[in-house]
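Student: Okay, structure incoming, though there's no sequence with it:
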Ligand SMILES: CC(C)(COP(=O)(O)OP(=O)(O)OC[C@H]1O[C@@H](n2cnc3c(N)ncnc32)[C@H](O)[C@@H]1OP(=O)(O)O)[C@@H](O)C(=O)NCCC(=O)NCCS
């Protein structure tokens, strides 16, 4: 398996992977969080948002034999913090989870962030995704929680 920078032709693979963010809410009988205009308040679930970040070179993929097994978007730097990078989305294909692919993508984010001179790597995750153990295992420390309506989020940080 290799971690590679995503190319424009990988768009549909990423769209499919990131659909999981909505289906997790639905499977648990919850409506995903939404903005006042009705759009999902979830990063990169629309093709337009994914394409925008893909064209800004923010996506990395775990690939094996030409198949995309996982996708991560890395903001380098995150927003206006010049020394902080952020994993904005991370998804591994169903059926391929718990095989170390997510950890490989996080390791790649760490490596890229260090090379770019970042001091911190952060990630936010809706609690419903149940990814706390994963991020702690990958080397993050828990840095807090927030609530937006009925939706709670975990925040994680790593010093680089
Ligand atoms: C969360 C996610 C990215 C993790 O990727 P992964 O490739 O499955 O994770 P890894 O195999 O690298 O896991 C490493 C360790 O993290 C922990 N872990 C990972 N997933 C876990 C889970 N669902 N429950 C408990 N621990 C988990 C385990 O300690 C695991 O080691 P082990 O399998 O030897 O016990 C993946 O499950 C996924 O895509 N989920 C759906 C989308 C999602 O929720 N993304 C996070 C949004 S912020």
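Tutor: Everything's here; your move. The shown structure was predicted, so the numbers you read here are calculated from the model rather than taken from an experiment. Numbering: from 1, shown residues only.

Student: Can you tell me the SS state at the closest residue to the ligand within the chain?
Tutor: Closest approach of the chain to the ligand (C-beta to the nearest ligand atom) occurs at residue 102, with a separation of 2.3 Å. C-beta: built from backbone N, CA, C; applies to glycine. At residue 102 the chain is in helix, as set by DSSP: H, G, I helix; E, B strand; the rest coil.

Student: so how far is the helix or strand harbouring residue 73 off the chain centroid?
Tutor: Secondary structure assignment for residue 73, by DSSP states H and E: strand 67-75. Chain-centre distance of strand 67-75: 8 Å, with C-alpha atoms, centre = their mean, to the nearest Å.

Student: and if you look at stretch 125-140?
Tutor: The answer for stretch 125-140 is 11 Å, by C-alpha atoms, centre = their mean.

Student: Does the residue of the chain closest to the ligand touch residue 70 like I think?
Tutor: Yes. In this structure, residue 102 is within contact of residue 70 by C-beta atoms under 8 Å, at 6.4 Å.

Student: list the residues that contact both of the two?
Tutor: Contact with both residue 102 and residue 70 is made by residues 90, 92, according to C-beta atoms under 8 Å, 6 or more residues apart in numbering.

Student: helix/strand/coil for the most centrally placed residue in the chain?
Tutor: Central residue of the chain (C-alpha atoms, centre = their mean): residue 89, 1.7 Å from the mean position. For residue 89, the assignment made with three-state DSSP gives strand.

Student: could you pull out the strands for this protein?
Tutor: 2-5, 59-64, 67-75, 84-92, 120-126, 141-148, 151-159 (DSSP state E).

Student: right, and the ones you listed - which one's nearest residue 15?
Tutor: With C-beta to C-beta, the closest approach to residue 15 among those belongs to strand 67-75: 9.5 Å.

Student: Mind listing residues that contact the closest one?
Tutor: Applying C-beta under 8 Å, 6+ apart, the contact partners of strand 67-75 are 1, 6, 10, 13-14, 17-18, 43-44, 53, 58-63, 85-93, 96, 101-102, 104-106, 108-109, 112-113.
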